[in-house]
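Enquirer: The following comprises the amino acid sequence and a computationally predicted model.
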Protein chains: 2
Amino acid sequence: MEIQVMKNILGENDRIAAENQAMFRDKGVYVINLMGSPGAGKTSVLEKTMERLKGELRMAVIEGDLFTSKDAERIEKYDVPVIQINTSGGCHLDAAMVQKVAGKMELGDLDLLIVENVGNLVCPAEFAVGEDAKGVVLSITEGDDKPLKYPLVFKESSIALLNKVDILPYCNFDMKSAKADILALHPGMKVVEVSCTTGQGIDEWCNWLKDRVAEKRRG
Amino acid sequence: MEIQVMKNILGENDRIAAENQAMFRDKGVYVINLMGSPGAGKTSVLEKTMERLKGELRMAVIEGDLFTSKDAERIEKYDVPVIQINTSGGCHLDAAMVQKVAGKMELGDLDLLIVENVGNLVCPAEFAVGEDAKGVVLSITEGDDKPLKYPLVFKESSIALLNKVDILPYCNFDMKSAKADILALHPGMKVVEVSCTTGQGIDEWCNWLKDRVAEKRRG
């Protein structure tokens, strides 16, 4: 019976996610759903993305958190429209939450909408929100065993950002093995080494985003 | 209706957790449920704990992971009984899972059973497994904003280990502010700065565990 209920919830979520996807398609905005553990550096990546792409793309951000508006406050400094969703303890964003706040945005004025999910490497990967693609941020401080231990988020994501590579010398992280595991889970996946401190990889990530936006615009 | 179902599941979990608690009390084994984000260093803390307490306490470990037996393999090296629970994608351990595997252990031969939960700073805090206490491991690489963003796990835990302090110089982590936030959420909580690389704090954590085991034995 519990499984039945779970299926119903997921079915209902998929229905709303499809509505969101149609809305985003209609408005011509590319949507990426960014996931990762607490402290993987999702908001830091967004800060660098705002800095780098501000003149080139019209962007907005939806921030997901259990509590607090700390992340939205960090993004607001870049003068980009941002809405905070507080899940009050809920472990992921769902399509209905995103629908509710996206309806308040001027979507027609946007090229790119980034949804930063709740910090959680497990549950968010199960719930589509109407995105064009999912992305995962993994901090190298989390360890190179994480792709095989949390496979779904890597299978679901189109791009993996391996973040905080500036402190690789102080961590036990086997980059070669982590990348091999990621590519075994998701052959052909885009994997970028990133540091928000040194700026490494930010251009490659932003160029990937620009290509996706251009691709969607061409239809 | 979904809330109703959630209540039923939690009610059922609490019932089984109470059974587990009675079983652990009967056998005189102290049980701690260790939680934290992916890569916070829970297994590394356990490795240090096994090394440090091996001659003094009779220990066993239950490892929770979505997939793989990587963590159990790391603990097995210390010649300590260890059982791996794979949740097949499930985001937390529940009381029924722990009951199933604890029933296979020689609990009467143990002083201390450590349950390492699935790497997730959100969901595990909602599900008791019959433990005497919960503990949380937070890596300082995750950022000092995490206590306020993930308050439940700090409210529920009796001890917080702030791990990886050896790389504090390379991270933006305000220790004073993080500790103040933790103590605001949970006044009087035990907070220990730990490094599994240098060994800092391991004695303090292990002494805390020994005191809890002795306390339970006295009844």
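Expert: Here it is on my side, so go on.

Enquirer: Find the helix or strand that the residue nearest to the spatial centre of chain A is a member of.
Expert: When CA atoms, centre = their mean is applied to chain A, the residue found nearest the centroid is A:L34 (0.6 Å). Of the helices and strands defined by DSSP states H and E, A:L34 is found in strand A:30-36.

Enquirer: which strands and helices sit next to that strand?
Expert: helix A:42-53, strand A:112-116, strand A:133-139, helix A:202-218 (3 or more CB pairs under 8 Å, 6 or more residues apart in numbering or on different chains; DSSP states H and E). To be clear about C-beta, it is placed using only N, CA and C from the backbone, and glycine gets the same treatment.

Enquirer: How about the residues of chain A by chain B?
Expert: A:2, A:5, A:9, A:37-39, A:65-68, A:70, A:89, A:91, A:118-123, A:126, A:139, A:141-143, A:145-146, A:148-152, A:164, A:166-167, A:170-171 (CB under 8 Å from any CB of the partner chain).

Enquirer: Separate out the buried members of these.
Expert: A:5, A:37-39, A:65-66, A:68, A:70, A:91, A:118-123, A:126, A:139, A:141-143, A:145-146, A:148-152, A:164, A:166-167, A:170-171 (16 or more other CB atoms under 10 Å in any protein chain shown).

Enquirer: thinking again about what came up before, enumerate the beta-bridge partners assigned to the residue nearest to the centre of chain A.
Expert: In this entry, A:L34 is beta-bridged to A:E116, A:G135, by DSSP bridges.

Enquirer: and if you look at A:V192?
Expert: Beta-bridge partners, per DSSP bridges, of A:V192: A:L161.

Enquirer: who's in contact with it?
Expert: A:159-162, A:201, A:204-205, A:208 (CB atoms under 8 Å, 6 or more residues apart in numbering or on different chains).

Enquirer: Which parts of chain A are strands?
Expert: With strands called from DSSP state E, chain A shows them at A:30-36, A:59-65, A:82-86, A:112-116, A:133-139, A:159-163, A:190-193.

Enquirer: contacts for the fourth one?
Expert: In other words, strand A:112-116. Under CB under 8 Å, 6+ apart, the answer for strand A:112-116 is A:24, A:29-34, A:42-43, A:46, A:49, A:53, A:57-64, A:71, A:93, A:98, A:102, A:105, A:107, A:129, A:131, A:209, A:213.

Enquirer: switch to 6 Å and redo it
Expert: A:29-34, A:42, A:57, A:59-64, A:129, A:213 (CB atoms under 6 Å, 6 or more residues apart in numbering or on different chains).

Enquirer: and if you look at the first one?
Expert: Contacts made with strand A:30-36 from outside it, assessed by CB under 6 Å, 6+ apart, are listed as A:24, A:42, A:112-117, A:124, A:129, A:131-137, A:153, A:212-213, A:216.

Enquirer: Just the buried ones among those residues, please.
Expert: Of the contacts of strand A:30-36, these count as buried by 16+ other CB under 10 Å: A:24, A:42, A:112-117, A:124, A:129, A:131-137, A:153, A:212-213, A:216.

Enquirer: Could you list the low-pLDDT ranges of chain A?
Expert: Flagging of chain A using pLDDT under 70 yields the residue ranges A:1-9.

Enquirer: try it again with 50
Expert: Scanning chain A for pLDDT under 50 picks out the ranges A:1-4, A:6.

Enquirer: Just the buried ones among the residues of chain A next to chain B: which are in helices?
Expert: Cross-referencing these against helices under DSSP state H gives A:5, A:70, A:146, A:148-149, A:151-152.
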